[in-house]
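Undergrad: This is the structure alone, sequence omitted:
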């Protein structure tokens, strides 16, 4: 169980990295206290359990070990993930031990969710039939509101398996993905911000177009990710090919609908293509002082329409709005009987098997949302 208010730069972080709720987090693009929602989102997006993300949902829990400023035991919201019996992490094994299908499945997920932190410590290894199997965990730093990912952020980018062509079953799985439907579902279930979900649509389309044209996982990564920032080269960081492509699309969109003086029309502004301005704080979702509500102003993010069509007919484009307030994170849907933090498009996590328990002294408890 990971309490959302104890994440890095959240109000009650136990290691001293304390800041207001919705502050910039460990990586630009993911705000503090929002990692729990992304842990659940990664599980929901792992359709057919293709990559093997352990079942994850949102719950309320309380325990004396949880951090609270007033020293009282209180219920907290957080991500609750099934425990995995592992035999170490992938860093404990040679990369040649892992089969190509497992690496591809995890890479496909990482591309879709724009995972910012796929290091060798968050790929667990389980032994099945005397063969190691990779299990992906720790997806809190995913679904960011901007595309600033480096090749060194993805450990599999250096592996030979990523250079192998996709198998027919993998190509069929990639073709079956629907970025728009996934975005609507994740917003509806766990309240991830709209600007993050637009990027999910972009990367899903990139994955599909790349696979359709015979690109390998590694080649798709070279389009999407920036060059290794861990190198000793002191040259300025260059945006990735995908970043530059999206930037050109936004410029073309602005030019297509701007007036004779080059101003951006209200149509483009309404699509949030150029900038996003939060007019009010995001609603608080964690325990703590009410003063920890924090107004945010997410960074500019290009349109999700990864298509030349945006450059020639922006005025005709339709961006179907997602349900709900995109500037507020709300777990009400995940808490509802219909949602329960799970996707209707895949096998549900066995919520009924989560026992709601509370200790006699009222200091330890777990309950479904």
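TA: Received it, and whenever you're ready, just let me know what you need. Predicted model, so just to flag it, every value in this text is computed and none were measured.

Undergrad: Can you name the next helix or strand after the helix ranked longest in the chain?
TA: Counting by DSSP state H, the longest helix found in the chain is helix 194-212. Later in the chain than helix 194-212, the nearest helix or strand by DSSP states H and E is helix 217-224.

Undergrad: residues near the closest residue to residue 26 other than its chain neighbours, how many?
TA: Once flanking residues are discounted, residue 26 sits nearest to residue 8: 5.0 Å by CB to CB, 6 or more residues apart in numbering. C-beta: built from backbone N, CA, C; applies to glycine. By other CB atoms under 10 Å, 19 other residues sit near residue 8.

Undergrad: what's near enough to touch residue 8?
TA: The contact partners of residue 8, by CB atoms under 8 Å, 6 or more residues apart in numbering, come to 15, 17, 25, 26, 32.

Undergrad: count of residues packed around the third one?
TA: As a burial measure, residue 25 scores 23 neighbours (other CB under 10 Å).

Undergrad: Please renumber the chain so that the first residue is 51 from this point on.
TA: Yep, numbering from 51; the last one is residue 75 now.

Undergrad: Got the confidence number for it?
TA: Predicted confidence (pLDDT) at residue 75: the value is 81.

Undergrad: Please name the nearest non-neighbouring residue to it.
TA: Distances taken as CB to CB, 6+ apart place residue 82 nearest to residue 75, at 4.7 Å, with adjacent residues excluded.

Undergrad: tell me which of the contacts of residue 58 is nearest to residue 265?
TA: Distance to residue 265 across the contacts of residue 58 (CB to CB) is lowest for residue 76, with 30.2 Å.

Undergrad: which residues in the stretch 201-350 of the chain form helices?
TA: Ranges of helices in the stretch 201-350 of the chain, per DSSP state H, counting those that start in this stretch, are 218-226, 229-240, 244-262, 267-274, 291-307, 316-320.

Undergrad: Of the ones you listed, which is nearest residue 138?
TA: helix 267-274 (23.8 Å).

Undergrad: re earlier: just want the angle from the longest helix of the chain to helix 218-226.
TA: Helix 244-262 and helix 218-226 are oriented at 140 degrees to each other (axes from the mean of the first three to the mean of the last three CA atoms, to 10 degrees).

Undergrad: Show the contacting residues for the residue nearest to residue 75.
TA: Listed by CB under 8 Å, 6+ apart, the contact partners of residue 82 are 57, 58, 59, 60, 69, 70, 71, 72, 73, 74, 75.

Undergrad: For it, give me the pLDDT.
TA: 87.

Undergrad: Residue 232 too?
TA: pLDDT, read off for residue 232, is 98.

Undergrad: how about it, what does it touch?
TA: Here residue 232 is in contact with 95, 162, 250, 251, 254 (CB under 8 Å, 6+ apart).

Undergrad: Next, give me the two most distant ones among those residues.
TA: Top of the distance list for those (CB to CB): 95 and 251, 12.1 Å.

Undergrad: neighbour-wise, which of those two wins?
TA: Ranked by neighbour count (other CB under 10 Å), residue 95 and residue 251 place residue 95 first, with 27 against 22.

Undergrad: What about the residue nearest to residue 194 when sequence neighbours are not counted, how many residues nearby?
TA: Spatially, and ignoring its direct neighbours in sequence, residue 194 is nearest to residue 79 (2.8 Å; CB to CB, 6+ apart). When neighbours are defined as other CB under 10 Å, residue 79 has 23 of them.
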